[in-house]
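1. coordinates only, sequence not included:
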Ligand SMILES: Cc1cc2nc3c(=O)[nH]c(=O)nc-3n(C[C@H](O)[C@H](O)[C@H](O)COP(=O)(O)O)c2cc1C
């Protein structure tokens, strides 16, 4: 099986690792933390709605911003109307906002799938192709590559990933990534890596990336070996653990992966991350936004519930530093703490589709979520 190098916009990424787009997480400060540990990888932004890009508002403008030192700007968009998607991609390219645009076809949220959007879109084969084609056509004159990320399908009976992969190949998509779960699975259970292997067998002309359950660097190597995929996309494993990207670079470079850091190291990273959020969101909202990250950073450290509670209600930067200063900086993770799950683990869910949705899988009706400007997830 041929391994494809990851090349986007003429740039080769020798370490085949991509930060998964995560709504509410993969903003400028988070990407900066990750890049500090793993320079030269692909770090994807939070998802932005195509409709919001077309209409243009202040929140969207902030979400599509990149830091001055981001030398490769990867942005994820979501859209289910080929027209909106084409217009959004053209606007992004004309304004030179991104070097690479990823499209999300995997959002399992009920409020989206019940309108035929998100993870329901790939069920409609021609619509999926039309969305891909519109994005590629708009981006082509600017040399901006379009990539796609999708799930296995709706459930074990309605799988779409092979059709979607083939469509991507035909429509000029530069690279695809499979989150190896169905929408029904949501985030529960294990990712089905064997589906990544199937996709890699079926799609031969563009890179196929695997996504799901990479908690430690060696998981990425195992996924590549077991599935033959061309690279990996890392989501929850790096929540509260941006040094996972250093470990991944080490593992892919054949170097020994460092021991997990002690609490003192983690607290220093936390303080830097909080500072970054405050710098772009303002001190009050920045620190509030940081609260969710605290639980992730402390995962596996036996700090006790009182400490966790005080972090999760921290109100000022001084308070954050005070709590951090009072802890035992030499503390280490409990055994197996590296693999404790972070972020979503919920599921399975009942996937709600529009009435009669499965009856004609070739129709091109644009889903009723096409003009929504605020959904998130994948
Ligand atoms: C908090 C959170 C937000 C997410 N937001 C998005 C998103 O906006 N777009 C997307 O394609 N996937 C999104 N995902 C899914 C991840 O990109 C990834 O596919 C999923 O978490 C599985 O990979 P993992 O096991 O490495 O976490 C999100 C996941 C989490 C945990």
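-> Ah, there it is. Being a predicted model, the structure only gives us computed values, none of them experimental.

2. For the closest residue to residue 174 other than its chain neighbours, which residues are in contact?
-> Setting aside the residues directly before and after it, residue 174 is nearest to residue 145 in space (Cβ to Cβ, 6 or more residues apart in numbering), at 3.6 Å. In short, each C-beta sits where N, CA and C put it, glycine included. When contacts are counted by Cβ atoms under 8 Å, 6 or more residues apart in numbering, residue 145 is found next to 8, 9, 100, 101, 139, 174, 175.

3. swap in residue 301?
-> Contacts for residue 301 were tallied using Cβ under 8 Å, 6+ apart; they are 263, 266, 331, 332, 333, 334, 337.

4. For the residues you listed, which single residue is the most surrounded?
-> The most crowded member of the contacts of residue 301 is residue 266, carrying 24 neighbours; neighbours defined as other Cβ atoms under 10 Å.

5. Now that one. Nearest residue, chain neighbours left out?
-> Residue nearest to residue 266 in three dimensions, not counting chain neighbours: residue 297, with 5.5 Å by Cβ to Cβ, 6+ apart.

6. Skipping adjacent residues, who's closest to the closest residue to the ligand within the stretch 151-300 of the chain in space?
-> When you check the stretch 151-300 of the chain against the ligand by Cβ to the nearest ligand atom, the closest residue turns out to be residue 235, at 2.7 Å. Distance criterion Cβ to Cβ, 6+ apart; nearest residue to residue 235, sequence neighbours excluded, is residue 20 at 3.6 Å.

7. So for that neighbour, what pLDDT did the model give?
-> Predicted confidence (pLDDT) for residue 20: 98.

8. same deal with the one 10 residues further on?
-> Confidence per residue is given as pLDDT, and for residue 30 that number is 98.

9. how about it, what does it touch?
-> Applying Cβ under 8 Å, 6+ apart to residue 30 gives the contacts 242, 273, 276.

10. would you list these in TSV and tack on secondary structure and distance to residue 64?
-> Shown next, in TSV, are the contacts of residue 30 (DSSP: H, G, I helix; E, B strand; the rest coil; distance: Cβ to Cβ, whole Å):
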residue	secondary structure	distance to residue 64
242	coil	22
273	helix	21
276	helix	18
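
11. CSV for the residues you listed, including distance to the ligand, pLDDT and neighbour count?
-> Converted to CSV, these look like this (distance: Cβ to the nearest ligand atom, whole Å; pLDDT from 0 to 100; neighbours: other Cβ atoms under 10 Å):
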residue, distance to the ligand, pLDDT, neighbour count
242, 14, 98, 22
273, 16, 98, 21
276, 18, 98, 20
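
12. and which of these is nearest to residue 216?
-> Nearest to residue 216, judged by Cβ to Cβ, of these is residue 242 at 13.9 Å.

13. For this protein, which helix or strand comes out least confident on mean pLDDT?
-> When the helices and strands of the chain are scored by mean pLDDT, DSSP states H and E, helix 58-63 comes last with a mean of 82.

14. Remind me what that one packs against, helices and strands.
-> Counting by 3 or more Cβ pairs under 8 Å, 6 or more residues apart in numbering; DSSP states H and E, the packing neighbours recorded for helix 58-63 are strand 42-49, helix 50-55.

15. picking up where we left off before, now intersect the contacts of residue 145 with the helices, please.
-> Here DSSP state H is the test, and the contacts of residue 145 give residue 139 as lying in helices.

16. Take the contacts of residue 145 and lay them out in TSV including pLDDT and neighbour count.
-> Listed next are the contacts of residue 145 as TSV, based on pLDDT from 0 to 100; neighbours: other Cβ atoms under 10 Å:
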residue	pLDDT	neighbour count
8	98	20
9	98	14
100	98	21
101	98	29
139	98	22
174	98	21
175	98	24
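
17. Let's see which of the contacts of residue 145 end up in strands.
-> In this view, the contacts of residue 145 that belong to strands under DSSP state E are 8, 100, 101, 175.

18. List the beta-bridge partners for the third one.
-> Taking DSSP bridges as the rule, residue 101 bridges to residue 75, residue 146.

19. so it touches residue 147, yeah?
-> Yes - taking contacts as Cβ atoms under 8 Å, residue 101 lies within contact range of residue 147: 7.5 Å.

20. which one of the contacts of residue 145 is nearest the ligand?
-> Checking those against the ligand with Cβ to the nearest ligand atom, the nearest one is residue 101 at 12.5 Å.

21. Let me know the distance separating the closest one from residue 180.
-> 23 Å (Cβ to Cβ, to the nearest Å).

22. For the chain, list the residues in contact with the ligand, please.
-> Within reach of the ligand by Cβ under 6 Å from any ligand atom, the chain has these residues: 20-25, 46-47, 76, 104, 106, 149, 179, 211-214, 234-237, 343-344, 376-378.

23. Give the residue spans of the stretch 251-378 of the chain that score low on pLDDT.
-> For the stretch 251-378 of the chain, applying pLDDT under 70 flags the ranges 375-378.

24. Tell me where the chain has strands.
-> Assignment of strands within the chain using DSSP E yields the ranges 6-8, 11-13, 17-19, 42-49, 74-78, 100-105, 146-151, 175-179, 208-211, 231-234.
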